[in-house]
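Peer 1: Predicted model, plus sequence, below.
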Amino acid sequence: MKTFVSGSYPTVRMRRNRADDWSRRLVREVRLSADDLIWPLFVVDGKGVSEPIASMPGVARLSVDRAVEAVAAARDLGIPCVALFPYTDPAVKDEQGTEAVNGDNLVCQATRAIKREVPDIGVLTDVALDPYTSHGHDGLMRGAEIVNDETVEVLVTQALVQAAAGCDIIAPSDMMDGRVGAIRAALDEGGFAHVRIMSYAAKYASAFYGPFRDAIGTRKALIGDKRTYQMDPGNTDEALREVALDLQEGADMVMVKPGMPYLDVCRRVKETFAVPTYAYQVSGEYAMLAGAIGNGWLERERTILESLTAFRRAGCDGILTYFAIEAAQLLRKG
Ligand code: PBG
């Protein structure tokens, strides 16, 4: 039998702090709170409508009346902000995405209804043309090209229309060059100096957006891909340049997207700029987790909370996530 001499034991025992719940809580470095969550939701025409989205199990498109109820529930759970995305009737789509600048489009209707009924929650609206264009691109097309400067002019009008409807945060997700500066200037001139900008600063040309495109009805419409304006998944220095530019142009907050496969980018952005930094746990990430959870391959509650806590650890101040409601419920339960 082997006998141990006391001096041969480790002096430093990492497990001591892990031994009890109280000491694990005491040494925990980051935590997740409902305050960190932004809930994206999909709105659709009609009344009393809740339409499940097959590739996002547990997520549904809601008509404005239902969205208002859901947002009130989010507010009651302490969620500070919601993000709105429209499913646009294909009949009103055209090559220019004209519906984007219609002050009575679905997003504007939903924004007005939410700000009227649930004024104490933030409303973020996406600026980009893809929900409205027949070709599914975020910008205007000339031949096969997505033209930058002409697109920015339309995006500016779209942002003004959303601001007039009462949104609190404009979130340009289009990745055109110069759009943040142009939108900031137009908002300031238009009497919307109080409206914040959260730029999708480092947005990658990702396969993980597929289910979102089902949700807003653009997957089949999309011609080609978005690689001439969204970033190449191999790059991180470029993400820092994108963020630097958006901040110079007046962004109040920046976002990295997708989330989980890009936590290294989140960390670099936060350490380099020390500004409010968000990540979007996108539809494909949701689908992966919800799919595995639904099959019983992953444990529901722990998986959701761990996946979101990872963003905080990577330096993010908050997360856009389709799990927001459930996560807030779990956090409340403790
Ligand atoms: C549109 C937009 C996209 C997402 C948010 N805004 C899709 C895209 O760029 O094709 C994706 C969100 C998600 O996948 O959850 N500009």
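Peer 2: Thanks, I have it. Numbering: from 1, shown residues only.

Peer 1: hey, let's count contacts and neighbours off CA atoms from now on
Peer 2: Will do.

Peer 1: what pairs with residue 126 across the strands?
Peer 2: Listed by DSSP bridges, the beta-bridge partners for residue 126 are residue 171.

Peer 1: gap between it and the ligand?
Peer 2: Applying Cα to the nearest ligand atom, to the nearest Å, the value for residue 126 to the ligand is 7 Å.

Peer 1: go on, residue 152?
Peer 2: Residue 152 is 13 Å from the ligand, by Cα to the nearest ligand atom.

Peer 1: Kindly report the residues of the stretch 101-250 of the chain close to the ligand.
Peer 2: For the stretch 101-250 of the chain, the residues found near the ligand under the criterion Cα under 6 Å from any ligand atom are 128, 130, 138, 173-174, 208-209, 212.

Peer 1: In the stretch 101-250 of the chain, what residue lies closest to the ligand?
Peer 2: Going by Cα to the nearest ligand atom, the ligand is nearest to residue 209 of the stretch 101-250 of the chain, at 3.5 Å.

Peer 1: For that residue, which residues are in contact?
Peer 2: 282-284 (Cα atoms under 8 Å, 6 or more residues apart in numbering).

Peer 1: now the strands for the stretch 51-200 of the chain?
Peer 2: 60-63, 81-86, 122-127, 140-142, 145-147, 169-172, 196-203 (DSSP state E, counting those that start in this stretch).

Peer 1: Now the first one - C-alpha only, PDB.
Peer 2: So the one you mean is strand 60-63. Provided in PDB are the C-alpha atoms of strand 60-63 (Å, rounded to 0.1, in the frame of the first residue of the first chain):
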ATOM      1  CA  ALA A  60     -43.800  32.000 -34.000                       C
ATOM      2  CA  ARG A  61     -44.700  35.000 -36.200                       C
ATOM      3  CA  LEU A  62     -47.100  37.200 -34.300                       C
ATOM      4  CA  SER A  63     -49.700  39.700 -35.500                       C
END
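
Peer 1: about what we covered before: so the residue of the stretch 101-250 of the chain closest to the ligand: helix, strand or coil?
Peer 2: helix (DSSP: H, G, I helix; E, B strand; the rest coil).
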